[in-house]
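Engineer: okay, predicted coordinates and the sequence, questions at the end:
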Amino acid sequence: MNAHTDVNAAGIIPENSDDSTAMATETTLLDPRFYTTDFDEMDKIDVTPVRKEWDEMIAAMSADPNKGHFKKNDEWNTPDWEAMDPKLKAELIDFLVSSLTAEFSGCVLYKEMKRRGNNPDICALFQLMARDEARHAGFINDALREAGVAVNLGFLTKAKKYTYFRPKFIYYATYLSEKIGYARYITIYRHLEKNPDKMIHPIFKWFENWCNDEFSHGEAFALLMKTDPKLTNSFVNKLWIRFFLVAVFSVMCIRDHLRPEFHKALGIDIDWYDREVLRKTSDISKQIFPVAIDLENPRWEKNLLKLRQASAAMDAARRKGGIAGAFGKVGAGARAGLAFASLYLIPVKTDHVIEEDSRMVPSY
Ligand SMILES: [Fe+2]
Ligand SMILES: [Fe+2]
């Protein structure tokens, strides 16, 4: 293990790390979460129905194409953190901390599955994915350390609240977060390819190969779901899939809009970016989900905006505190609930066909 992958080492806690650890520990509905699940149930998955694709996938991941990727080289130029506009600096750090938390939360979940399992197929997969996420998290933590901040990952593992999800919810949520992670990283990368003067931090140069890892993690969850067709085809599960699509998509949009300076510096219009990322993720998710959100429906963007405004109002009320704050929170919470319900009730698209062999390769 090199320094990049040794994410639990106590040695990676430099000065000024308290604030960013606190940022990463804070749990609101919007933060990247830590998950736990019924590991025994997951251990019972039988991959026989997808054996051929499974073995090919494990072989490709074991070949470890990104083995040497997460190391700084000549391409890395440390940004001038001191000279950076304070607002931009705060938002860039927030972006890095939130990405780190998301990467690390994957690492913790995958590692735990590997540790608790006995099923060799499942353990092999989760070991490989934990390997990747540990590298990703370690690489971001290195970048944060240059800014004089870093998240104490060992502490985070203990302090962060864990949300219990049944295995099927883990599949839906994790599949989507891997694929949306891919779409986010590749969209930023392609944008910066065309606008190299907007490269505000060198980490984005690493995103192209990086997002291929996320893509293949998503493929793994798609295959896991394929082992049991009920997971994606039963009436109730389709409703759950719809719920996760709306939740993951809308939370991303809310979070991105909290970082205006960051996106301005990258030369990225947030609305354009979110639309792009959701379109890509939605197209990819048709490989396995029988329902897709109708992103073209005018009610989608209209209610997304309402949800964002309600969420901002909730945030303001929380900061205000007291009785006025409490009432404000309830009111805004109700508006948010209504907007979310409206998003959920937009008729979904079902006119796509799920192929027998639904594997995909990164193509954006
Ligand atoms: Fe990752
Ligand atoms: Fe991943």
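Structural biologist: Okay, I see it. Ligands and ions are numbered 1, 2, ... in the order given.
Engineer: which one of the residues in the stretch 201-350 of the chain is closest to ligand 1?
Structural biologist: residue 214 (5.2 Å; Cβ to the ion). No exception for glycine: its C-beta is placed from N, CA and C like everyone else's.
Engineer: tabulate the CA atom coordinates of whichever helix or strand that residue is part of in CSV.
Structural biologist: Secondary structure from DSSP states H and E places residue 214 in helix 207-226. C-alpha atoms of helix 207-226 as CSV (Å, rounded to 0.1, in the frame of the first residue of the first chain):
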residue,chain,number,x,y,z
PHE,A,207,-10.9,12.8,-14.0
GLU,A,208,-10.9,11.0,-17.3
ASN,A,209,-9.3,7.7,-16.2
TRP,A,210,-10.8,8.2,-12.7
CYS,A,211,-14.4,8.2,-14.0
ASN,A,212,-13.8,4.9,-15.7
ASP,A,213,-13.5,3.3,-12.3
GLU,A,214,-16.9,4.8,-11.3
PHE,A,215,-18.3,3.6,-14.6
SER,A,216,-17.2,0.0,-14.0
HIS,A,217,-18.5,0.1,-10.4
GLY,A,218,-21.9,1.1,-11.8
GLU,A,219,-21.6,-1.9,-14.2
ALA,A,220,-21.0,-4.2,-11.3
PHE,A,221,-24.2,-3.0,-9.5
ALA,A,222,-26.1,-3.4,-12.8
LEU,A,223,-25.0,-7.0,-13.0
LEU,A,224,-25.8,-7.6,-9.3
MET,A,225,-29.4,-6.4,-10.1
LYS,A,226,-29.5,-8.7,-13.1
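Engineer: quick check: buried residues in it?
Structural biologist: Neighbour counts over helix 207-226 (16 or more other Cβ atoms under 10 Å) mark 207-208, 210-226 as buried.
Engineer: same thing with stretch 195-202?
Structural biologist: The neighbour-count check on stretch 195-202 (16+ other Cβ under 10 Å) flags 200-202 as buried.
Engineer: tabulate those in CSV, adding columns for distance to ligand 1 and pLDDT.
Structural biologist: Shown next, in CSV, are those (distance: Cβ to the ion, whole Å; pLDDT from 0 to 100):
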residue, distance to ligand 1, pLDDT
200, 21, 96
201, 17, 97
202, 18, 97
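Engineer: show me what contacts whatever residue of the chain ends up closest to ligand 2?
Structural biologist: Residue nearest to ligand 2 within the chain (Cβ to the ion): residue 217, separated by 3.8 Å. By Cβ atoms under 8 Å, 6 or more residues apart in numbering, residue 217 lies in contact with 106, 129, 132, 174, 178.
Engineer: now swap in residue 185 and tell me
Structural biologist: Each residue near residue 185 by Cβ under 8 Å, 6+ apart is listed here: 207-208, 210-211, 214.
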